[in-house]
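Trainee: Need a 3D model of the following:
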Amino acid sequence: MKNKQVQFQDWGLIDYKEGWEKQEALFSSSVQLKTELRNRQQAVLAGAEPEEMTLTPNYLVFCEHPHVYTLGKSGKAAHLLLDEAGLKKHQAVYYPINRGGDITYHGPGQLVVYPILDLDNFFTDIHLYLRTLEEAVIKTLAHYGITAGRYPGYTGVWLDADNERARKICAMGVRCSRWVTMHGLAFNVNANLDYFGYMVPCGIDDKDVTSMQRELGHPVDINEVKKILKHEISVQFGMEILG
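Mentor: Numbers count the residues shown, from 1 in each chain. As a prediction, this is how the structure comes out:
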């Protein structure tokens, strides 16, 4: 049996470390439950009395973070171009974390999405998972008349990916254990793009970064973007979002 229901949570503007700990708690509880359920199933196969089964929960978290740089396991610390004094000057912090990918910036005006999903409830294919998240962002941008797509060989969502004007509008980095996901995507809605100049975004030094505000020439209602993206994620994954 698959659980297609997903509990939605909007954490608002939250310190990155606090959000990371809350995310880890949800992720760890789901992984632990999956382990317990698997052990019960094996016990039943070995002749134990069957117990009432519990389905693994799914979560979809939206939030924003104060200025922060995060470095994935495959990244290079040298891709952050600020030292301690520079971080303090720009009111930013830095954390190495346990997702894939290189260095990423988060800040106010950027919509961060953390899907904590048991992919056994949907499909067990991490590449399809990433492409599905990308498609939800692409569809969201289309609501605003922004044509977006993919850049071959890279994750995330791009504009003009087929020419020299290629620029990234949404970065992605995920972790997956026992098919439970955490981390996710960073979607530049009204983000301050100056902060991307203090790093080599995702280790790519020859491509630009953009935002919806920059592309449209005016700030965008981030709450409206949330509603549209939430709907598109539900459609792409075939999930029922609660809340």
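
Trainee: which residues does Trp11 contact?
Mentor: Applying CB atoms under 8 Å, 6 or more residues apart in numbering to Trp11 gives the contacts Gly19, Lys22, Val61, Phe62, Cys63. All C-beta atoms are positioned from the backbone trio N, CA, C, and that covers glycine.

Trainee: Mind telling me what element the fourth one is part of?
Mentor: Remark: Phe62 resides in strand 59-64, with elements defined by DSSP states H and E.

Trainee: Against which helices or strands is that strand packed?
Mentor: For strand 59-64, the elements it packs on are strand 5-13, helix 16-45, strand 110-116, helix 222-237, judged by 3 or more CB pairs under 8 Å, 6 or more residues apart in numbering; DSSP states H and E.

Trainee: Minimum distance to Lys88: which of these has it?
Mentor: helix 16-45 (15.9 Å; CB to CB).

Trainee: got the buried residues for that closest one?
Mentor: Across helix 16-45, burial judged by 16 or more other CB atoms under 10 Å covers Tyr16, Gly19, Trp20, Lys22, Gln23, Leu26, Phe27, Ser30, Val31, Leu33, Lys34, Arg40.

Trainee: Flag the helix or strand of the chain with the lowest per-element mean pLDDT.
Mentor: In the chain, no helix or strand scores lower on mean pLDDT, DSSP states H and E than helix 16-45, which sits at a mean of 87.

Trainee: so that helix versus strand 110-116, what angle?
Mentor: 20 degrees (axes from the mean of the first three to the mean of the last three CA atoms, to 10 degrees).

Trainee: Am I right that Thr181 falls within a helix?
Mentor: No. Assigned with DSSP: H, G, I helix; E, B strand; the rest coil, Thr181 falls outside any helix and is strand.

Trainee: That one reaches Pro115, doesn't it?
Mentor: Yes. Using CB atoms under 8 Å, Thr181 is in contact with Pro115, at 5.8 Å.

Trainee: Give me the helices and strands touching whichever strand in the chain runs longest, please.
Mentor: For the chain, the strand with the greatest residue count under DSSP state E is strand 167-177. Packing contacts for strand 167-177, counted by 3+ CB pairs under 8 Å, 6+ apart, involve helix 16-45, helix 126-142, strand 157-159, strand 180-188, strand 208-209.

Trainee: From the contact counts, what lies against the second one?
Mentor: The reference is to helix 126-142. Helix 126-142 makes packing contacts with strand 157-159, strand 167-177, strand 180-188, helix 222-237 when contacts are defined by 3+ CB pairs under 8 Å, 6+ apart.

Trainee: contact partners of it?
Mentor: Applying CB under 8 Å, 6+ apart, the external contacts of helix 126-142 come out as 113, 115, 119, 122-123, 147-150, 155-157, 169-170, 172, 174, 176, 181, 184-185, 187, 212, 225, 228-229, 232-233, 235-237.

Trainee: Would you mind checking these for buried ones?
Mentor: Here, 16+ other CB under 10 Å leaves 113, 115, 119, 122, 148-150, 155-157, 169-170, 172, 174, 176, 181, 184-185, 187, 212, 225, 228-229, 232-233, 236-237 buried among these.

Trainee: about what we covered before: among the helices and strands packed on helix 126-142, which is nearest Gly107?
Mentor: Of all the helices and strands packed on helix 126-142, strand 180-188 sits nearest to Gly107, with 9.2 Å by CB to CB.
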